[in-house]
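Asks: Build me a structure from this.
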Amino acid sequence: MHTLKLTQIGNSVGVILPKEVLARLKVEKGDVVYLTESADGVRLTPHDPNFEMQMNAAREIMRKRRNVLRELAK
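Replies: Predicted structure coming up:
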């Protein structure tokens, strides 16, 4: 567990992530991270959860409609 301190950044408030956390998330300065609510609090991830849901839906359609997509590719 890491303790994060809130700090003033211009007119906003932010947190500084320790190097260990950045390494674990595999992110660096300038990358985008996503904060989502979960049952036990919040979750910080470098992956867009909405994009993941869309990709899962697309994979399911491609699996179900494999033959149609194959014909369209011809």
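Asks: What residues does the residue nearest the centre of the chain make contact with?
Replies: Compute the mean C-alpha point of the chain, and by C-alpha atoms, centre = their mean the closest residue is His47, 2.0 Å away. Each residue near His47 by C-beta atoms under 8 Å, 6 or more residues apart in numbering is listed here: Tyr34. From N, CA and C alone the C-beta is placed, and that goes for glycine too.
Asks: Which pLDDT value goes with it?
Replies: For His47, the pLDDT comes out at 79.
Asks: what's the distance between it and Asn11?
Replies: With distances taken as C-beta to C-beta, to the nearest Å, His47 is found 29 Å from Asn11.
Asks: Identify the residues contacting the longest helix belonging to the chain?
Replies: Longest helix of the chain, by residue count under DSSP state H: helix 49-64. For helix 49-64, the external contacting residues (C-beta under 8 Å, 6+ apart) are 34, 36, 69.
Asks: does the first one really touch Pro46, like I thought?
Replies: What that stands for is Tyr34. Yes - with contact defined as C-beta atoms under 8 Å, Tyr34 reaches Pro46; the gap is 7.4 Å.
Asks: in the chain, which helix or strand is least confident?
Replies: Taking mean pLDDT, DSSP states H and E as the measure, the chain has helix 49-64 as its least confident helix or strand, at a mean of 84.
Asks: Provide a list of residue ranges in this protein with pLDDT below threshold.
Replies: Across the chain, nothing is flagged by pLDDT under 70.
Asks: any chance you could map the helices in it?
Replies: Assigned by DSSP H, the chain shows helices spanning 19-25, 49-64, 66-73.
Asks: of all these, which lies closest to Met1?
Replies: For Met1, the closest of those is helix 19-25, at 10.7 Å, according to C-beta to C-beta.
Asks: Take that closest one, keep the C-alpha atoms, and write them as PDB.
Replies: Only the C-alpha atoms of helix 19-25 are listed here, as PDB (Å, rounded to 0.1, in the frame of the first residue of the first chain):
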ATOM      1  CA  LYS A  19       8.200   5.600  -9.100                       C
ATOM      2  CA  GLU A  20       7.200   2.100  -8.000                       C
ATOM      3  CA  VAL A  21       3.500   2.700  -8.800                       C
ATOM      4  CA  LEU A  22       4.400   4.200 -12.200                       C
ATOM      5  CA  ALA A  23       6.600   1.200 -13.000                       C
ATOM      6  CA  ARG A  24       3.800  -1.300 -12.000                       C
ATOM      7  CA  LEU A  25       1.300   0.500 -14.200                       C
END
